[in-house]
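Q: no FASTA, just this:
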């Protein structure tokens, strides 16, 4: 999930859907930490979407390419696994792991098609 | 913008997470964590948060601060009332989880330097949470 979110943010910046700002998303939707690169201090900020925290958080509010849409759908599937299987104790169905790995692969593949070649080198 | 309104969510959706389940989850995550090095600092910090939150929930349930059918997701989003209770009862444990959560923004989502040192700090905080959750003083 974390790896895909970073790739998704790269793709969203690349297509112009979000701003490439020097700020990091916090645990609170829409709240960012802006680093002082000299002192290392962080200050709170609320601004237009730079990096997103999760799919739709914050909402991008601008059109995104179909490949990125497909990547978001795959990433959302991965995000939704946390509640039942990481925080919760639901039993994992037999074929689940393969489905989850497929979602990860689809997310990465779709995002690499949306990124310039240099950025998508594995 | 959505603000977190989390004051304790139903635990594990339709499957309440009991204390022993939290313990098993924490141990499972820690086994994965043991395969990481400090160079994997993003994963170390995330795993420390996930395992630490399970230990934290054990503490909340054992002390009856939060019932077993409700879990805390992040220390930052605890209600003021529950935070005050935990602060009074286990300030070092609360601080430890706050610290782990604080590390995510600059080192997991962000690219601040010294990620390995942050990972080492996260592991120390996790150890503190685990120690408290397992201590006999935690009723």
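A: Nice, thanks for sending it over. Given the structure is predicted, the values throughout are model-derived calculations rather than measurements. Numbering: from 1, shown residues only, chains lettered A, B, ... in the order given.
Q: When you work out contacts or count neighbours from here on, use the C-alpha atoms and nothing else.
A: OK.
Q: Output the set of residues of chain A in proximity to chain B.
A: Proximity of chain A to chain B is confined to A:2, A:6, A:23-30, A:33, A:40, A:58, A:83-90 under the rule C-alpha under 8 Å from any C-alpha of the partner chain.
Q: Just the buried ones from those residues?
A: A:2, A:6, A:23-30, A:33, A:58, A:84, A:86-90 (16 or more other C-alpha atoms under 10 Å in any protein chain shown).
Q: about what we covered before: so which of the residues of chain A next to chain B belong to strands?
A: In strands, judged by DSSP state E, the following of those are found: A:24, A:25, A:33.
Q: and these as CSV, adding pLDDT?
A: Listed next are these as CSV, based on pLDDT from 0 to 100:
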residue, pLDDT
A:24, 98
A:25, 97
A:33, 98
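Q: Which of these sits closest to residue B:50?
A: Comparing those against residue B:50 with C-alpha to C-alpha picks out residue A:25 as the nearest, at 18.5 Å.
Q: Tell me the bridge partners for that closest one.
A: residue A:32 (DSSP bridges).
Q: circling back to that earlier point, nearest to residue B:62 among the ones in strands among the residues of chain A next to chain B?
A: Checking those one by one against residue B:62 (C-alpha to C-alpha), the nearest turns out to be residue A:25, at 33.2 Å.
Q: Below-threshold pLDDT in chain A: ranges please.
A: The model of chain A has pLDDT under 70 over residues A:119-122.
Q: What residues sit buried inside the longest helix that it contains?
A: For chain A, the longest helix by residue count, based on DSSP state H, is helix A:96-114. For helix A:96-114, the neighbour count (16+ other C-alpha under 10 Å) marks A:100, A:103, A:104, A:105, A:106, A:107, A:108, A:110, A:111, A:112, A:114 as buried.
Q: Tell me how far the fourth one lies from residue A:96.
A: Here residue A:105 is placed at a distance of 14 Å from residue A:96 (C-alpha to C-alpha, to the nearest Å).
Q: Just give me the longest helix of chain B.
A: Assigned via DSSP H, chain B shows its longest helix as helix B:41-62.
Q: which residues of chain B score low on pLDDT?
A: With pLDDT under 70 as the threshold, chain B has low-confidence stretches at B:1-15, B:137-139.
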